[in-house]
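**Student:** need a structure here:
(one chain, ligands or ions: 1)
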Amino acid sequence: MRRRVVAGNWKMHGSTATIERLLDALIQLRAPQVDVLLFPPIAYLSAVIERVRGSELAVGAQNIHAESSGAFTGEVAAEMVKDLGATHVLVGHSERRRWFGETDAIVAQKFSAALRAGLVPILCVGETSEQRDEGCAEQAVMMQLDAVIAAVGVTALRRAMIAYEPVWAIGTGRSATPVDAQSMHSAIRARIRALDAMVADGMPILYGGSITPANAAALFGGADVDGGLVGGASLNAEQFENICKAA
Ligand code: PEP
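**Tutor:** Sure, this is the predicted structure:
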């Protein structure tokens with residue numbers, strides 16, 4: 001049985017005061033069947049890790065650099081994130097691909113860096129609305145997945161997760177339908193299964209894109225949907241808790 005996972009991506013939101021309030025509530029969260037992961041802004045990573053220590057919550061980074069160290073002003077290495085006590089990292093989020101020019105090759109390097117440091121990478125893949133309208137959503141997602149598999153090999157995915165996040169669904173209030181989400185998750189799993197059935201069967205594949213408490217249960221109902229990556233709703237403790245419970 002694959003574990004259920006719900007991850008909250010806080011993006012570039014919050015302050016010491018708002019994050020303290022959010023954590024005061026989240027620390028009480030009880031969802032025993034679900035692994036709950038928090039992805040705060042890097043500025044608060046250490047404080048969040050300390051605050052949740054001893055709880056069921058795990059903490060990850062939203063981004064890392066591909067190198068372990070060096071003259072890369074402003075960047076943060078996977079090893080540093082690990083050193084702070086983080087366990088996971090998002091790789092290839094569409095906002096990083098879009099606003100920071102992250103290509104499939106860069107995403108693959110970061111994925112590899114996460115594994116090298118002992119972090120669990122969550123590889124984000126997803127098509128744009130144009131790609132969906134043109135009927136090539138699956139092709140676009142598979143290209144992103146294949147780029148990482150080509151770089152690290154399929155067995156390395158044993159220590160990773162995938163998040164299917166259609167770009168047009170992120171922060172728009174327009175989620176994929178449960179049928180469309182399940183269909184893409186099943187295609188992703190089939191792609192991995194063609195290379196390694198054990199890796200495919202154990203791989204948590206999360207859905208992301210405008211998840212709310214109202215649509216979470218239906219989205220998580222798909223046989224290949226193992227939980228969610230939540231943006232906006234993860235900043236509200238009650239909404240996030242209800243999404244975790246739906247998983
Ligand atoms: C995200 O940032 O990964 C995301 C899914 O955002 P939202 O839930 O706000 O659509």
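
**Student:** Mind pulling up the pLDDT for Arg3?
**Tutor:** pLDDT for Arg3: 89.

**Student:** Now do the residue of the chain found nearest the ligand against Leu195, distance only.
**Tutor:** Closest to the ligand within the chain is Gly231: 2.1 Å, counting by CB to the nearest ligand atom. Just so you know, the C-beta spots here come from the backbone N, C-alpha and C atoms, and that holds for glycine as well. Using CB to CB, to the nearest Å, we find Gly231 at a distance of 30 Å from Leu195.

**Student:** and the helix or strand hosting Ile106, what other elements does it pack with?
**Tutor:** Assigned by DSSP states H and E, Ile106 belongs to helix 104-117. Contacts defined by 3 or more CB pairs under 8 Å, 6 or more residues apart in numbering; DSSP states H and E place helix 104-117 against helix 78-84, strand 88-91, strand 120-125, helix 137-152.

**Student:** Using JSON lines, lay out those together with distance to the ligand, mean neighbour count and mean pLDDT.
**Tutor:** Output for the helices and strands packed on helix 104-117, formatted as JSON lines (distance: least, CB to the nearest ligand atom, whole Å; neighbours: other CB atoms under 10 Å; pLDDT from 0 to 100):
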{"stretch": "helix 78-84", "distance to the ligand": "18", "mean neighbour count": "19", "mean pLDDT": "98"}
{"stretch": "strand 88-91", "distance to the ligand": "8", "mean neighbour count": "26", "mean pLDDT": "98"}
{"stretch": "strand 120-125", "distance to the ligand": "7", "mean neighbour count": "25", "mean pLDDT": "98"}
{"stretch": "helix 137-152", "distance to the ligand": "15", "mean neighbour count": "18", "mean pLDDT": "97"}
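
**Student:** Met12: which of these is closest?
**Tutor:** strand 88-91 (13.0 Å; CB to CB).

**Student:** Heading C-terminal from the closest one, find the next helix or strand.
**Tutor:** Per DSSP H and E, strand 88-91 leads on to helix 94-99 as the next helix or strand towards the C-terminus.

**Student:** List the buried residues in that following helix.
**Tutor:** 94-97 (16 or more other CB atoms under 10 Å).

**Student:** got a markdown table for those residues, with distance to the ligand too?
**Tutor:** Below are those laid out as a markdown table (distance: CB to the nearest ligand atom, whole Å):
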| residue | distance to the ligand |
| --- | --- |
| Ser94 | 8 |
| Glu95 | 7 |
| Arg96 | 10 |
| Arg97 | 12 |
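
**Student:** Could you find the closest non-adjacent residue to the residue nearest the centre of the chain?
**Tutor:** For the chain, the residue nearest the mean C-alpha position is Ile122 (4.5 Å; CA atoms, centre = their mean). Spatial nearest neighbour of Ile122, excluding adjacent residues (CB to CB, 6 or more residues apart in numbering): Met161 at 4.6 Å.

**Student:** Which residue of Gly231 and Leu195 possesses the greater neighbour count?
**Tutor:** Between Gly231 and Leu195, counted using other CB atoms under 10 Å, Gly231 has the larger neighbour count: 23 against 13.

**Student:** Pipe the helices and strands packed on helix 104-117 into JSON lines and attach distance to Ala246 per row.
**Tutor:** Putting the helices and strands packed on helix 104-117 into JSON lines (distance: least, CB to CB, whole Å) gives the following:
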{"stretch": "helix 78-84", "distance to Ala246": "29"}
{"stretch": "strand 88-91", "distance to Ala246": "21"}
{"stretch": "strand 120-125", "distance to Ala246": "19"}
{"stretch": "helix 137-152", "distance to Ala246": "24"}
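
**Student:** From Arg53, how far off is the most far-flung residue of the chain relative to its centre?
**Tutor:** Centroid-distance maximum for the chain: Ala71 at 27.9 Å, with CA atoms, centre = their mean. Separation of Ala71 from Arg53 (CB to CB): 33 Å.
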